[in-house]
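J.: Kindly generate the corresponding structure for this input.
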Amino acid sequence: MFCAKCGTACLPEHKFCKNCGAALGAAGSQLEVAPAAAIANLQVPGAQGVQAAAPALYQNTASVIPPGGPQAIYQGAPPQFYYVSPLAAAQAQTVHQKNLLVSLRTRLQRLASTENLEGFSLKAMFSEAFKRHGAEAVEDYILVGTSKTTPPLVVAYVAITVLYMRTGNANCVPGMMFLGAFAVPLATLVLFFELNTPRNVSLHMVGKLFLMGAIASLAVALLGYSLPIFNISDMEAGVVEEVAKLLTVVVVMRSVRYKYILNGILFGATVGAGFAAFESAGYALNEGFLAGMLTGITHGQTLKVATHGGVVEMLRVLRLRGILAPLGHVAWTALAAGAFWRVKQGKPTNVTMLFDTRFLKAFMIPVVLHAIWDAPLQMPFLGSQISTGIITWYVVFGIVQQGLRQVKEEQKSHLQSTLENVEAQMQAPAAVVV
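T.: Model prediction:
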């Protein structure tokens with residue numbers, strides 16, 4: 001409690017203020033502190049986002065507010081004042097921040113037409129990723145995708161980079177560029193390959209789509225950039241590239257054979273991984289390697305020679321884009337294609353599906369997040385990329401959950417149909433042999 005006369009903090013068992021000697025037991029001579037849950041909606045000077053509410057709880061006049069203590073004010077007639085301790089104000093601010101996160105999550109779910117994640121655990125999801133598996137387990141995993149297929153790329157990239165740093169041999173440069181550009185997108189693609197629980201897409205199909213989809217989507221994106229309307233700022237990539245990748249997925253994989261939402265997610269991730277890998281290789285070549293070229297004349301011919309500094313800059317670009325690869329193109333296109341397959345539902349592809357509101361609202365998420373990713377104004381420490389990546393993956397897992405539910409419902413329907421057929425056969429009269 002606090003002394004109503006001087007505002008000094010006193011223990012509950014004290015009868016008199018230790019500072020001014022005023023009696024604490026008399027009515028109105030003590031000032032209690034409103035709990036955080038009660039003042040969460042009050043207007044606290046200096047605590048942003050806390051709004052005014054109707055007067056309640058512990059009220060006093062301004063004359064008894066402890067000196068220097070924060071106060072919650074209700075603009076009534078006459079105005080009412082409430083004392084709020086710094087700890088309670090901080091707790092109220094925390095409650096408000098949690099409410100903002102809940103509101104953001106709810107808006108994302110409405111936009112993407114998804115539900116709350118049920119039983120989701122990152123620890124359980126990656127529990128087998130770093131365990132050592134025997135030869136038989138590896139052979140079994142190869143049939144449906146395995147984490148063993150991509151780490152060797154990372155190891156090879158590190159090995160060839162160390163070799164270049166020790167020898168300076170320029171023959172290592174192409175290997176560094178392609179291994180560095182492809183390793184992380186392929187590792188992320190393996191995750192989506194394993195999430196495809198229907199197991200109706202072969203590794204051979206994924207490999208072809210990875211290469212064909214990358215080239216086709218890059219070509220469509222370059223055509224899009226050639227249009228006058230898309231020549232304004234870097235943020236236009238959110239529209240041009242996301243549309244290019246999605247159209248590639250829709251056109252190449254339009255067969256009705258692949259009807260599951262998880263199929264669409266895998267196809268989108270495959271095209272996105274190929275696009276990311278080739279784009280990273282292009283950035284590494286242009287921003288790093290070629291930027292560090294020196295021009296010289298030998299035997300009357302003009303030659304360009306790469307400097308060590310140019311190769312080092314190329315490696316920097318590859319490392320940065322490798323770290324950010326799982327947060328960008330792979331997840332964006334997986335989200336967009338999963339939303340489209342949710343509308344498609346095994347029917348022949350129709351242009352009208354692209355204008356379905358359920359798809360359009362979800363498709364706007366990767367478009368807007370991609371634009372924010374490339375925006376001129378960025379948060380420090382890659383904050384813009386990390387925050388947009390977290391939002392992307394939250395929505396992706398929501399659509400994955402819907403895909404798993406779709407497979408589960410089909411399994412239940414198939415089992416029910418089988419049981420009905422068996423019961424019908426058992427109840428049918430036996431044929432009489434004459």
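J.: In the chain, where is pLDDT below threshold?
T.: 1-2, 4-7, 9, 25-93, 96, 119-122, 124-151, 231-233, 292-306, 428-434 (pLDDT under 70).
J.: now the helices for it?
T.: 36-39, 86-112, 122-125, 135-142, 151-167, 172-195, 203-225, 237-252, 261-283, 308-324, 329-344, 357-373, 383-427 (DSSP state H).
J.: who wins for proximity to Ala291 among those helices?
T.: Distance to Ala291, taken as CB to CB, is lowest for helix 308-324 among the helices of the chain, at 5.9 Å. For every residue, glycine as well, the C-beta is placed using N, CA and C.
J.: Break this protein down into its structural domains.
T.: Domain assignment for the chain by automatic domain parsing gives 32-112, 116-408.
J.: that older thread, go through the helices of the chain and pick out the most buried.
T.: Of the helices of the chain, the one with the most neighbours on average (mean count of other CB atoms under 10 Å) is helix 329-344, at a mean of 29.
J.: Dump the C-alpha coordinates for it into CSV.
T.: C-alpha atoms of helix 329-344 as CSV (Å, rounded to 0.1, in the frame of the first residue of the first chain):
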residue,chain,number,x,y,z
HIS,A,329,10.5,-18.2,-52.8
VAL,A,330,10.1,-21.8,-51.7
ALA,A,331,7.5,-21.1,-49.0
TRP,A,332,5.8,-18.3,-51.0
THR,A,333,5.1,-20.5,-54.0
ALA,A,334,4.1,-23.4,-51.8
LEU,A,335,1.5,-21.2,-50.1
ALA,A,336,0.1,-19.9,-53.4
ALA,A,337,-0.1,-23.3,-55.2
GLY,A,338,-1.6,-24.9,-52.1
ALA,A,339,-4.3,-22.3,-52.0
PHE,A,340,-5.0,-22.9,-55.7
TRP,A,341,-5.2,-26.7,-55.3
ARG,A,342,-7.6,-26.1,-52.4
VAL,A,343,-9.9,-24.5,-54.9
LYS,A,344,-9.1,-26.9,-57.8
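J.: Can you name every helix or strand that it contacts?
T.: helix 172-195, helix 237-252, helix 261-283, helix 357-373, helix 383-427 (3 or more CB pairs under 8 Å, 6 or more residues apart in numbering; DSSP states H and E).
J.: who's in contact with stretch 218-226?
T.: When contacts are defined by CB atoms under 8 Å, 6 or more residues apart in numbering, stretch 218-226 is touched by residues 230-231, 236, 239-241, 243-245, 247-248, 275, 278-279.
J.: Nearest to Pro12, out of the helices of the chain?
T.: Checked against CB to CB, the stretch from the helices of the chain lying closest is helix 86-112, at 16.8 Å.
J.: mind listing what Gly346 touches?
T.: Val256, Lys259.
J.: Kindly recompute the last result at 10 Å.
T.: Contacts were defined as CB atoms under 10 Å, 6 or more residues apart in numbering; by that measure Gly346 touches Val256, Arg257, Tyr258, Lys259, Tyr260, Asn263.
J.: Then Val250?
T.: Val250 sits next to Gly264, Phe267, Gly268, Ala336, Ala337, Phe340, Trp341, Lys344, Thr349, Val351, Met353, Leu354 when contact means CB under 10 Å, 6+ apart.
J.: which residues touch the residue nearest to Leu266 when sequence neighbours are not counted?
T.: Once flanking residues are discounted, Leu266 sits nearest to Asn196: 4.6 Å by CB to CB, 6 or more residues apart in numbering. Residues in contact with Asn196 (CB under 10 Å, 6+ apart) are 144-145, 206, 258, 260, 262-267, 269, 400, 403, 407.
J.: Return the member of these nearest to Gly21.
T.: Out of these, the member with the shortest distance to Gly21 (by CB to CB) is Val400, at 67.7 Å.
J.: how close does the closest one get to Phe192?
T.: Distance, Val400 to Phe192, by CB to CB, to the nearest Å: 9 Å.
J.: Which neighbours do these two have in common?
T.: In contact with both Val400 and Phe192: Leu262, Ile265, Ala334, Gly338, using CB under 10 Å, 6+ apart.
J.: In TSV: the residues you listed, plus distance to Pro326.
T.: Converted to TSV, the shared contacts of Val400 and Phe192 look like this (distance: CB to CB, whole Å):
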residue	distance to Pro326
Leu262	18
Ile265	14
Ala334	11
Gly338	16
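J.: Looking at the residues you listed, point me to the pair that's furthest apart.
T.: Within these, Leu262 and Ala334 form the most distant pair, 10.1 Å apart (CB to CB).
J.: list residues touching both of these two?
T.: Residues touching both Leu262 and Ala334 (CB under 10 Å, 6+ apart) are Phe192, Leu195, Ile399, Val400.
J.: and which of those residues is nearest to Leu211?
T.: For the shared contacts of Leu262 and Ala334, the nearest to Leu211 is Phe192 (16.6 Å; CB to CB).
J.: Next up, the contacts around the closest one.
T.: Counting by CB under 10 Å, 6+ apart, Phe192 has contacts 145, 206, 262, 265-270, 272-273, 330-331, 334, 338, 396, 400.
J.: show me what contacts the nearest residue to Ala339 once chain neighbours are set aside?
T.: Leaving aside its sequence neighbours, Ala339 sits nearest to Ala362 (CB to CB, 6+ apart; 3.6 Å). For Ala362, the contacting residues are 108, 111-114, 335-336, 338-340, 342-343, 356, 395, 398-399, by CB under 10 Å, 6+ apart.
J.: Leu320 now?
T.: Ser280, Tyr283, Leu382, Gln385.
J.: Out of those residues, flag the one nearest to Ile323.
T.: Leu382 (8.3 Å).
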